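# Build me a model from this:
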Amino acid sequence: MNTSLLVWIILAPLLGAIANAFLYFYHIKKQKVSEIYFALIGTITPLISFLITLNLFLQMLEEKVIFKQHIFTWLNVEKLNIEMNFLGDNLSIFMSMFVTFVGWLIHIYAIGYMKNDEGFGKFFAYFNLFLASMLILVLADNPIILFIGWEGVGVCSYLLIKFYYGNKENVLAANKAFIVNRVGDFGFLLGVVTLFFALGQVDLSFGTIEANISNVSNELLVISGFLLFVGAMGKSAQIPLYVWLPDAMAGPTPISALIHAATMVTAGVYMVARFHFLYSGIEEIGLFIAYIGAISALLAAIIATRQTDIKKILAYSTMSQLGYMFIAVGLGFYSTGLFHVFTHAFFKAMLFMGAGGIIIALHHEQNIFKIAKHRANLPIIGFTFLVGVIAISGIPPFSGFFSKDAILAAAFQEGQYLIWAIALFTAFLTAYYMFRMYFIVFVAPNHHNEEYVYTSKTITIPLLILAIGAIGAGFLNLPAIFGGNHFVDTWLSQLNSKHIHMDHTTEYVLMALSIIVAATGIMAAYAKYANFDLSKPEKEIGFIGNKFYIDEIYDSLFVQPTKALSTFIDKIIDDKIIDAFIMSSSTTFINIGKKVAMIQNANVRFYAAFMLVGMTCIFVYLYITLGL
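The predicted model follows:
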């Protein structure tokens, strides 16, 4: 059994990033390099990662093994040992499978989307690096290595959000994403440090932590669990560190798809699942996570109902769906939460990629009402977009139904009826705002002859493949009442995850209620928007349309006071006190130096007189002290 393949899952896209970077430097310094070379490197390397992951998955399926690979010892001191190890267990291989597959499809899509862009090669270098960073995060065998990937996806998101840095708004959006995530990352780092001191362990591998977690006091576990989740709040855009996510839509659409579907935002959910042995024993933190998820899901859904930017609607839908995932993992249903991560990857990537196809066809227009007025005939994009909207709304037999319904059932089974009610109402809002977007963009009469617009096959083929996943991925964890074997739950049994075990009647009733709620949302959207008068479009106005003024509140509470403090330090502390003291001291030394310099005048007689005075003083001293 060759475990050395594990590191190549990471190295393939990492080497692709390096190769594309050098090729891009050659491109801008020496001569023009054809886009085909960047595209080949950019798409083949993720495919290699996927094929290696698939190979390991099949071996694990057959032989029930876990892969672990030691690369080198990074640090070995008295109280700390950090090994560069990678772990290929059921959880990490499960994540790697769809991260590499969906990531590969998004790379193919990016060929058509970024065609003829001046930064084509640079984009693929960043894109490959983003995927490599996510794979480091997923395959890491200890929190320190995980943190490297955690920071890597943060840096790559910054580089890609501000990809068109000539636009000031893009740079500000990237800065916002980077700074907000640093707040969360600081919490994550403090959580790891707390865990390290609590354990007193030399080895910080996940296996060692799990084996010794029972020796740690509950208070320290609560502190560590909370601080680790602060990192997840930032990375996975949950209250209160979610404000960066809608602004991140400033980047090219392929990066939006990669961030929302396969990489960055799912890292928080993965991290909580990876630390399942920590959170399983701390019920209060788990419940806190579940409530943060529920409130985040509801808030994002409410805001999405009044947005007009197609990508921002999808961004808020991601935040909302992540809330569902945190409900599941917070309540201890780790495999259920990860199953929703899995299904969400397919339909959310497809929705963003479909939105990108629309945006390109209409010359980068993103307002859904303006898109509707001048819509083009895009049959494949229209079909796949509808599939994605149905899937995220939770309509059977599409994948979103099975994963979302399992989360609702989990909350009900645990007796968390408030969380269940919030999640159920959010499901109604999800169906409403997603079909609102669909009916406006594709259905509302616009009295305009829709001309067919050719869409590149590099865009349409990935969309069709993802549509298959959005329809059928849910059957991988089909409930027992439908004759399923809960494959995903079984595969992730290492997480000691809770499972649905209610009676079939209750389960049928809950499913029916979920479908009725989603259908009601669709009908409400149809009644209002299927024949909407596009001459009088809605505007982002009012309390909800302005996102509850959360950004303005944050600006007043944090940004402006920080600016005022920085100005005070710069203008008063630095200029008036520190600089003034240094300048005053300098002036004093200069004046002393000038007086001393008067003695150094190159006059021999002057020097002789001083020597005579000095010698006289010496003789007088000797006469008085020695009696000479």
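# hey, let's count contacts and neighbours off CA atoms from now on
Fine.
# what about the helices in the stretch 351-500 of the chain?
Per DSSP state H, counting those that start in this stretch, the stretch 351-500 of the chain carries helices over the ranges 368-373, 379-393, 399-413, 417-438, 457-472, 487-491.
# Show me what the first one packs onto, helices and strands only.
So that's helix 368-373. Packed against helix 368-373, as judged by 3 or more C-alpha pairs under 8 Å, 6 or more residues apart in numbering; DSSP states H and E, are no other helices or strands.
# And for it, what's in contact with it?
308-310, 362, 365, 437, 440-442, 444, 446, 448, 534, 537 (C-alpha atoms under 8 Å, 6 or more residues apart in numbering).
# Please identify which of those is nearest to I9.
I310 (33.8 Å; C-alpha to C-alpha).
# Might one say that that closest one is in contact with Q366?
Yes. The criterion here is C-alpha atoms under 8 Å, and I310 meets it with Q366 at 5.6 Å.
# neighbour-wise, which of those two wins?
More neighbours surround I310 than the other of I310 and Q366, with 26 against 19 (other C-alpha atoms under 10 Å).
# Dump the helices of the stretch 351-500 of the chain into a markdown table; add mean neighbour count as well.
Formatted as a markdown table, the helices of the stretch 351-500 of the chain follow (neighbours: other C-alpha atoms under 10 Å):
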| stretch | mean neighbour count |
| --- | --- |
| helix 368-373 | 22 |
| helix 379-393 | 23 |
| helix 399-413 | 26 |
| helix 417-438 | 23 |
| helix 457-472 | 21 |
| helix 487-491 | 17 |
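# roughly how far apart are the nearest residue to N477 once chain neighbours are set aside and N90?
Among residues not flanking N477 along the chain, H486 sits closest, at 4.3 Å (C-alpha to C-alpha, 6 or more residues apart in numbering). Distance, H486 to N90, by C-alpha to C-alpha, to the nearest Å: 15 Å.
# and if you look at I468?
24 Å.
# Same check on I459?
32 Å.
# Kindly reformat the helices of the stretch 351-500 of the chain as a markdown table containing mean pLDDT and distance to A267.
Below are the helices of the stretch 351-500 of the chain laid out as a markdown table (pLDDT from 0 to 100; distance: least, C-alpha to C-alpha, whole Å):
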| stretch | mean pLDDT | distance to A267 |
| --- | --- | --- |
| helix 368-373 | 89 | 30 |
| helix 379-393 | 94 | 20 |
| helix 399-413 | 94 | 18 |
| helix 417-438 | 96 | 22 |
| helix 457-472 | 93 | 21 |
| helix 487-491 | 90 | 19 |
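# Tell me which of those approaches I624 most closely.
Once the helices of the stretch 351-500 of the chain are compared by C-alpha to C-alpha, helix 417-438 is nearest, at 97.3 Å.
# Now do the closest one: everything it contacts.
In contact with helix 417-438 (C-alpha under 8 Å, 6+ apart) are residues 290-291, 294-295, 297-298, 301-302, 304-305, 310, 313, 317, 324, 327, 368, 385-386, 389-390, 392-394, 408-409, 411-412, 514, 517-526, 529.
# More neighbours: which of H486 and N90?
Taking neighbours as other C-alpha under 10 Å, H486 and N90 compare with N90 leading, 23 against 17.
# give the contact list for the more buried one.
For N90, the contact set (C-alpha under 8 Å, 6+ apart) comprises M60, I66, W491, L492, Q494.
# Among those residues, name the buried ones.
Neighbour-count burial (16 or more other C-alpha atoms under 10 Å) applied to the contacts of N90 gives M60, L492.
# Among the contacts of N90, show me the least confident.
Minimum pLDDT across the contacts of N90 is recorded for Q494, with 84.
# separation between that residue and N170?
In terms of C-alpha to C-alpha, Q494 sits 42 Å off from N170.
# what's the answer for A257, then?
In terms of C-alpha to C-alpha, A257 sits 17 Å off from N170.
# try T587
Distance from T587 to N170, by C-alpha to C-alpha: 46 Å.
# between the two, who's got more neighbours?
N170 (22 against 12).
# Which strands or helices does the helix or strand that one falls within pack on?
Per DSSP states H and E: N170 is located in helix 168-199. Judged by 3+ C-alpha pairs under 8 Å, 6+ apart, the packing partners of helix 168-199 are helix 143-161, helix 218-235, helix 244-247.
# Ok, which of the ones you listed comes nearest F277?
Judging the helices and strands packed on helix 168-199 by C-alpha to C-alpha, what sits closest to F277 is helix 218-235, at 10.5 Å.
# from the middle of its chain, how far away would the closest one be?
What separates the centre of helix 218-235 from the centre of its chain is 17 Å, taken as C-alpha atoms, centre = their mean, to the nearest Å.
# circling back: same list, the helices of the stretch 351-500 of the chain, but as a markdown table with distance to F98 please.
Supplementary listing: the helices of the stretch 351-500 of the chain in a markdown table, determined by distance: least, C-alpha to C-alpha, whole Å:
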| stretch | distance to F98 |
| --- | --- |
| helix 368-373 | 30 |
| helix 379-393 | 17 |
| helix 399-413 | 14 |
| helix 417-438 | 24 |
| helix 457-472 | 10 |
| helix 487-491 | 13 |
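# Can you tell me which of the ones you listed is nearest to W74?
helix 487-491 (31.8 Å).
# Just after the closest one, pick out the following helix or strand.
Next along the chain from helix 487-491, counting by DSSP H and E, comes helix 504-529.
# and the angle for that next one with helix 417-438?
Helix 504-529 and helix 417-438 are oriented at 40 degrees to each other (axes from the mean of the first three to the mean of the last three C-alpha atoms, to 10 degrees).
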